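# What follows is a predicted protein model with its sequence.
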Amino acid sequence: MGAATRLLRGLMAPPLHAAGITQAEFHLLAILEERGTSTGKELSCKLSLDKTTVSRQLTALEEAGAIARTTDPANRRSHLITLTDVGRDRLADARRRTIAVLEDRFSTWPPEELDVLADHLARFNDQLRGVGVTEAVGP
């Protein structure tokens, strides 16, 4: 698993760089796209990263116009973070570029094998998230 993760990160770094974002920023933008609005604390928890690390990344994304922060009316000490049109465009560009790299790398695989791999990876991720996991029933 570790080797596959390192290989995938190395493979994805150049297209993400070409899209003008880092891997960490890509993950933040994707989570914001999925959630709509979030707080820095929620993002830190979701990514299992220190709040100050996420804060630095959010500052860079805000300076680039990819996110917007507004004061949370329910908690004036907190900010609500949303994806901007610039952020959506960067995320879409990064996805196009990374998909192109993966399509090139797996171009020799038959489509049905890619479908099986995609199904297994989705199931694998669901299992890690605990989605659809039931407790084993003992005797």
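It's in.
# what helix or strand is residue 70 on?
Assessed by DSSP states H and E, residue 70 sits inside strand 67-72.
# After that strand, which helix or strand is next?
By DSSP H and E, the next helix or strand past strand 67-72 is strand 75-83.
# ok, now how distant is residue 128 from residue 100?
Per C-beta to C-beta, to the nearest Å, residue 128 is found 27 Å from residue 100. To be clear about C-beta, it is placed using only N, CA and C from the backbone, and glycine gets the same treatment.
# again, but for residue 122
Looking at residue 122 against residue 100, where the rule is C-beta to C-beta, the gap reads 21 Å.
# Then residue 51?
In terms of C-beta to C-beta, residue 51 sits 34 Å off from residue 100.
# related to what we said a few turns ago, if we go by neighbour counts, what in the strand holding residue 70 is buried?
67-69 (16 or more other C-beta atoms under 10 Å).
# Name the strands paired with that strand and say parallel or antiparallel.
strand 75-83 (antiparallel) (DSSP bridges).
# Report the rounded mean pLDDT for the helix or strand following the strand it pairs with.
The helix or strand immediately downstream of strand 75-83 is helix 85-105, counting by DSSP H and E. Mean pLDDT, helix 85-105: 96.
# Check stretch 47-67 too.
On average, stretch 47-67 scores 93.
# So residue 109: helix, strand or coil?
Three-state call for residue 109 (DSSP: H, G, I helix; E, B strand; the rest coil): coil.
# Which pLDDT value belongs to it?
96.
# excluding its backbone neighbours, what's nearest it?
residue 117 (7.8 Å; C-beta to C-beta, 6 or more residues apart in numbering).
# I'd like to know how far the spatially most central residue of the chain sits from residue 76.
The centroid of the chain falls nearest to residue 27 when counting by C-alpha atoms, centre = their mean (2.7 Å). Residue 27 sits 28 Å away from residue 76, going by C-beta to C-beta.
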